[in-house]
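>>> Pasted the sequence and its predicted model underneath.
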Amino acid sequence: MQPAARIQTFKPRRGRYSTQMLQGLREGSARVTMDALTAPAVLFDGAPVILEIGFGLGEATLAQAQAHPDHGILAIDVHTPGVGRLLAELDAQGIANVRVVEGDALELLHERLPDTSLAGIRVFFPDPWPKTRHHKRRILVPSNLAMMARVLRPGGFLHFATDWQQYADEARATIAADARFRLLAPAAQPAIASAATRPRTKFEARGIAAGRSITDLVALRT
Ligand SMILES: C[S@@+](CC[C@H](N)C(=O)[O-])C[C@H]1O[C@@H](n2cnc3c(N)ncnc32)[C@H](O)[C@@H]1O
């Protein structure tokens with residue numbers, strides 16, 4: 001059995017591969033392996049590094065990389081088709097400040113990334129695991145939040161967005177209970193981590209179409 005801190009947060013999915021995705025997987029120049037992640041700033045010539053966990057199709061990654069060219073984005077997902085798409089789009093659009101990892105973000109958080117190595121963490125529309133017996137699979141649980149606190153530098157941000165009200169309430173309580181984080185009111189959220197400047201992704205659009213409301217939580221590492 002896996003230790004509690006490493007309960008799997010995703011359900012392996014099959015995917016269809018477009019020509020673009022296959023090309024991205026074959027030739028994408030932004031791909032890095034877990035082993036390369038012991039000193040993430042080196043990948044971006046010393047620029048501040050933001051980790052995006054579970055980028056899906058990478059819509060937010062692409063938009064935010066262009067909006068903040070002075071930051072590096074380390075984007076990780078387990079879903080191979082999305083990895084291929086993002087790799088292909090990065091090369092097609094000439095975006096140089098993103099590195100893409102295919103793998104489990106929990107391995108990065110718990111084992112790979114050094115202390116205080118990140119300027120920010122983004123978790124947008126993580127798998128909600130709505131059934132009560134599955135809540136332990138959610139990525140924002142105290143044991144994972146503790147690792148986020150470990151890898152964020154003081155003043156670094158955590159930006160979490162969800163369309164599941166119960167998950168939002170639970171995440172807010174989890175963050176509020178950890179003295180290493182200070183939740184920010186919407187008006188105090190910096191542009192780099194605000195709901196207003198986060199592009200709408202496919203998963204967000206799906207939630208809105210289903211009548212769900214969106215919650216953005218932004219907290220600073222104290
Ligand atoms: C519901 S989708 C949201 C995707 C995207 N952030 C968006 O807003 O459209 C959640 C994504 O997180 C990924 N994921 C879940 N657990 C993960 C983990 N432990 N490590 C890396 N990716 C993970 C899934 O593969 C999926 O692509």
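Happy to help now that I have it.

>>> give me phi/psi at the residue nearest the centre of the chain?
Nearest to the geometric centre of the chain sits Ile53, at 2.2 Å (Cα atoms, centre = their mean). Main-chain torsions, Ile53, degrees, to the nearest 10: phi -100, psi 120.

>>> How much space separates it from Ala75?
According to Cβ to Cβ, to the nearest Å, Ile53 and Ala75 sit 9 Å apart. In this view, the C-beta of every residue, glycine as well, is placed from N, C-alpha and C.

>>> got it, and Pro126?
For Pro126 relative to Ala75 (Cβ to Cβ), the value is 14 Å.

>>> Please point out which parts of the lengthiest helix in the chain sit buried.
Longest helix in the chain by number of residues (criterion: DSSP state H): helix 80-93. Neighbour counts over helix 80-93 (16 or more other Cβ atoms under 10 Å) mark Pro81, Gly82, Val83, Gly84, Arg85, Leu86, Leu87, Ala88, Glu89, Leu90, Asp91 as buried.

>>> hmm, which two among the residues you listed are most spread apart?
Spanning the widest gap among those are Pro81 and Asp91, at 16.4 Å by Cβ to Cβ.

>>> Look at the nearest residue to Leu87 once chain neighbours are set aside and say how many residues are nearby.
Distances taken as Cβ to Cβ, 6 or more residues apart in numbering put Gly28 closest to Leu87, at 2.6 Å, once the chain neighbours are dropped. Residues near Gly28, counting by other Cβ atoms under 10 Å, number 19.

>>> Now do the phi/psi pair for Gly28.
Torsion angles, degrees, to the nearest 10, at Gly28: phi -50, psi 130.

>>> Tally up the residues packed near Ser29, please.
Neighbours of Ser29 (other Cβ under 10 Å): 11.

>>> what's the spacing between the nearest residue to it once chain neighbours are set aside and the ligand?
Once flanking residues are discounted, Ser29 sits nearest to Asp91: 5.7 Å by Cβ to Cβ, 6+ apart. Here the criterion is Cβ to the nearest ligand atom, to the nearest Å. By it, Asp91 lies 20 Å from the ligand.

>>> who are the neighbours in contact with Met34?
Val101, Gly103, Glu107, Leu108, Arg112 (Cβ atoms under 8 Å, 6 or more residues apart in numbering).

>>> What distance do you get for the spatially closest residue to the second one that is not a sequence neighbour to Asp45?
Setting aside the residues directly before and after it, Gly103 is nearest to Met34 in space (Cβ to Cβ, 6+ apart), at 5.5 Å. Relative to Asp45, Met34 is positioned 21 Å away (Cβ to Cβ).
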